[in-house]
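Participant: What follows is a predicted structure for the sequence shown.
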Amino acid sequence: MNGAASGHYFENYVVMELIKNYAYAKFTANLTYYRDANMKEIDVFVEADFQIHPLEIKKSANPNRRKTRKFEVVDKANRERGSGGIICMCEEVIPIDEKDCFIPCNLI
């Protein structure tokens, strides 16, 4: 829980839960990730209904809201950017801006 790799394990847990949820959903969605040549990385892209929903995963109850600045990469794509956020260990959904919010990991 507190080791050096705990963030990696948490990220893996969240991604697997997302995969399971979409496997049983009535609609389909593509789950991918993004990394460019400048090492900008977004942990999960949920592509559904011609929109891209970017998600960051952080093992923290109070992650840095500036992590959503990376989502501007999606605005340059030829698809519309949907709502996104940071999946974390917060207690409730907390809005960051008009499109993004902190998402409690227990909701996935």
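Facilitator: That came through, no problem. Numbering: from 1, shown residues only.
Participant: Sticking with the residue lying closest to Lys59 once chain neighbours are set aside, tell me its helix or strand.
Facilitator: Sequence neighbours aside, Phe10 is the residue nearest to Lys59 in space, at 4.0 Å (criterion: C-beta to C-beta, 6 or more residues apart in numbering). To be clear about C-beta, it is placed using only N, CA and C from the backbone, and glycine gets the same treatment. Element membership of Phe10 [criterion: DSSP states H and E] is helix 6-23.
Participant: average pLDDT for that helix?
Facilitator: If you average the pLDDT over helix 6-23, you get 93.
Participant: Which element is encountered next along the chain beyond it?
Facilitator: strand 30-35.
Participant: which helices and strands sit right next to the helix or strand that that following strand is followed by?
Facilitator: Using DSSP H and E, the next helix or strand after strand 30-35 towards the C-terminus is strand 41-48. In this structure, strand 41-48 packs against helix 6-23, strand 30-35, strand 51-57, helix 72-75, with contacts taken as 3 or more C-beta pairs under 8 Å, 6 or more residues apart in numbering; DSSP states H and E.
Participant: what's the following helix or strand after the shortest one?
Facilitator: If I follow you right, that is helix 72-75. With DSSP H and E, the next secondary element past helix 72-75 is strand 80-81.
Participant: List the buried residues in stretch 77-96.
Facilitator: 81-82, 84-88, 90, 96 (16 or more other C-beta atoms under 10 Å).
Participant: Repeat that for stretch 9-27.
Facilitator: 10-11, 14-15, 18.
Participant: And these, which is closest to Asn62?
Facilitator: Nearest to Asn62 out of the buried residues of stretch 9-27 is Phe10 (C-beta to C-beta; 14.8 Å).
Participant: dump the residue contacts of the closest one.
Facilitator: Counting by C-beta atoms under 8 Å, 6 or more residues apart in numbering, Phe10 touches 57, 59, 105.
Participant: Let's see if you can find the most crowded of those residues.
Facilitator: Ile57 (23 neighbours; other C-beta atoms under 10 Å).
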